[in-house]
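J.: Below are the sequence and a predicted model; questions follow.
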Amino acid sequence: MVKKLSIIIPAYNEGNTIHFILDKVKSVQLIGGLEKEIIIVNDCSKDHTEEAIKSYITQNPDLNIQYYKHEINKGKGAALHTGISKAKGELVIIQDADLEYNPEEYNLLLKPILDGFADVVFGSRFMGGNAHRILFFWHSIGNNILTFVSNMFTNLNLSDMETCYKMFKTELIQKISLKENRFGFEPEVTAKIARIPNVRIYEVGISYYGRTYAEGKKIGWRDGFRALYCIVKYGLLKNS
């Protein structure tokens, strides 16, 4: 019986926007009457992220928010490791602290699981008829290449391996030993989830409201090369 969704939000220097995404998460009405557990992991932000989070918690005492902080900056992957380990819900979803993904679409990912078809659901930015902001050509080519190579090693036919929106049954994701502390999380978790015997992976179309670098986007070409390295590493080394 699924009763609760744990929403993991890694945060680094998101003091100006964290309250916006929390408002969106708060307003979502989950199908099946599911409760929400919001787990925020502050990865040693250098701005006023901590103050913004604590203020929000004080102003919203009815919202189940669990707050954790890294004393040194470890990376997005490390923040996700912390959040996943603390999750109490039967399901887990990852939510970036920026405004690129819309929490109203949690229900799109929930449906295949609650209907009994899926164990893991990826939200694809490249399928379906939802809104997508038009941004960087080479980023889209890079995403396509990374997804293609990942699919070669995992034997999946995903359209968007690098998506933030991944929903897991908690019992599955908490059993996986995750090692990547930065943006290598996506290919690592995809490779290791794909190895689980009889796992049922689904994909649904989602919208995407991407940011420019001036608006705070952090991923660059170095992260793309690291992701490619991780695809090969975790694809070839089954015991890594």
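T.: Great, that's in hand.

J.: Just confirm Val41 is within a strand.
T.: Yes: the assignment for Val41 is a strand, going by DSSP: H, G, I helix; E, B strand; the rest coil.

J.: For it, which non-adjacent residue is spatially closest?
T.: Leaving aside its sequence neighbours, Val41 sits nearest to Ala79 (C-beta to C-beta, 6 or more residues apart in numbering; 4.0 Å). C-beta: built from backbone N, CA, C; applies to glycine.

J.: avg pLDDT for the strand or helix carrying that neighbour?
T.: Assigning secondary structure by DSSP states H and E places Ala79 in helix 76-86. Helix 76-86 comes out with an average pLDDT of 97.

J.: and after it, which helix or strand comes next?
T.: Counting by DSSP H and E, the element after helix 76-86 in chain order, helix or strand, is strand 91-94.

J.: mind listing what's buried in the helix ranked longest in the chain?
T.: The longest helix of the chain (DSSP state H) is helix 137-154. By neighbour count with 16 or more other C-beta atoms under 10 Å, helix 137-154 contains the buried residues His139, Gly142, Asn143, Leu146, Thr147, Val149, Ser150, Asn151, Phe153, Thr154.

J.: Distance to Ser55 and pLDDT for these - can I get that in CSV?
T.: Shown next, in CSV, are the buried residues of helix 137-154 (distance: C-beta to C-beta, whole Å; pLDDT from 0 to 100):
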residue, distance to Ser55, pLDDT
His139, 34, 73
Gly142, 37, 80
Asn143, 35, 82
Leu146, 37, 94
Thr147, 39, 95
Val149, 43, 96
Ser150, 39, 96
Asn151, 43, 97
Phe153, 44, 96
Thr154, 42, 96
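
J.: The residue nearest to Val41 against Asn73, yeah?
T.: No: with contacts counted by C-beta atoms under 8 Å, Ala79 stays clear of Asn73, the gap being 9.5 Å.
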